[in-house]
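A.B. asks: Here is my input, please return the structure:
(chains A and B)
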Amino acid sequence: MNTTTLMFLIFAVLAVIFSVLTITTQRIIRAATYLLAVLLCTAGIYFTMDYAFLGAVQILVYAGGIVVLYVFSIFLTSQTNKDEEDDSLRSKIVSVGAVVAGVALCSFIVLTHKFTNTILIDSTQYDISVERVGQLLLSPEYGGMLLPFELISVLLLACIITGVIIARKH
Amino acid sequence: MIHIEYLMVLSLIMLFIGIFGFLTQRSTLAMLISIELMLNAADLNFVAFNRIIYDNNQEGYFFTLFSIAITAAETAIAIAIIINLYRTLRKIDVKHLSKLKW
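C.D. replies: Below is the predicted model of the structure:
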């Protein structure tokens, strides 16, 4: 077991623990904080896979942008969670059953499938530098991502306008 | 050496924790946080498959990149709706959302 695997396992265990804490905690602000921890652990996993740019984007956009948005909205919609104890036992049992069945099915598929190469390709074999990412992002050739990039910019513009229209005072 | 199964099992667990949270939580903000967990698990899967199916392109990598951008857009819209909801109803629990138009 080398250092990369060790770091990956540490990040994976932390991500699972914080995911469980995210949905089990009663205070919504704590859920947002645990979500931040999960996202940072995921960024750490990207770093151990040598996707440095992706890890940086994860930290910048997810941890820096989205979680801050969550915290703001939690403060704006501050509410007392008094009437929370009435969720029915039946829906909880159904949820547990659905999740257990789904985990069983998916883990059966994942663990019995024979992958052709199970070990991730060594990152020294190919070029994932920021320069190459930028060139692919703006190239119209095969493998380039110019059209999705432009679509994302249109989507973000639409998102800004819609956010303003929905959240404004009438 | 990171095996592909490790990543897939991690993403599987995270996905189903998100699904469980989505089914059991009653506050819309908590449900949105569960959706974030699910999307994060899907991103991990894209990156893992980009690593084992490699033909000199980076489709999975860019898919994750765009997925993060789309998540940001989706969160912004959802939070705008939730704030509007709070302004109208003073509550953000799903059980109070029984009318489409106030």
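A.B. asks: quick one: the nearest residue to residue B:78 once chain neighbours are set aside and residue B:77, what's the gap?
C.D. replies: Nearest residue to residue B:78, sequence neighbours excluded (Cβ to Cβ, 6 or more residues apart in numbering or on different chains): residue B:32, at 5.4 Å. For every residue, glycine as well, the C-beta is placed using N, CA and C. Separation of residue B:32 from residue B:77 (Cβ to Cβ, to the nearest Å): 11 Å.
A.B. asks: before we move on, back to that, neighbours of the residue nearest to residue B:78, how many?
C.D. replies: Residues contacting residue B:32 under the criterion other Cβ atoms under 10 Å in any protein chain shown number 21.
A.B. asks: Look up which helix or strand it falls in, please.
C.D. replies: Counting by DSSP states H and E, the element that carries residue B:32 is helix B:28-52.
A.B. asks: any idea which helix or strand comes after that helix?
C.D. replies: Next along from helix B:28-52, by DSSP H and E: helix B:59-89.
A.B. asks: Indicate the residue of chain A located nearest to chain B.
C.D. replies: residue A:23 (3.2 Å; Cβ to the nearest Cβ).
A.B. asks: Count the residues that sit near that residue.
C.D. replies: There are 22 residues near residue A:23, going by other Cβ under 10 Å.
A.B. asks: what's the average pLDDT for the helix or strand hosting residue A:164?
C.D. replies: Per DSSP H and E, residue A:164 falls inside helix A:146-167. For helix A:146-167, mean pLDDT is 91.
A.B. asks: Residue ranges in chain A under the pLDDT threshold?
C.D. replies: Scanning chain A with the threshold set as pLDDT under 70 gives A:79-87, A:117-127, A:170.
A.B. asks: again, only this time at 90
C.D. replies: A:1-5, A:25-28, A:48-53, A:62-65, A:72, A:74-95, A:110-145, A:163-170 (pLDDT under 90).
A.B. asks: So the residue nearest the centre of it: helix, strand or coil?
C.D. replies: With distances taken as Cα atoms, centre = their mean, residue A:39 lies nearest the centre of chain A, 6.0 Å away. At residue A:39 the chain is in helix, as set by DSSP: H, G, I helix; E, B strand; the rest coil.
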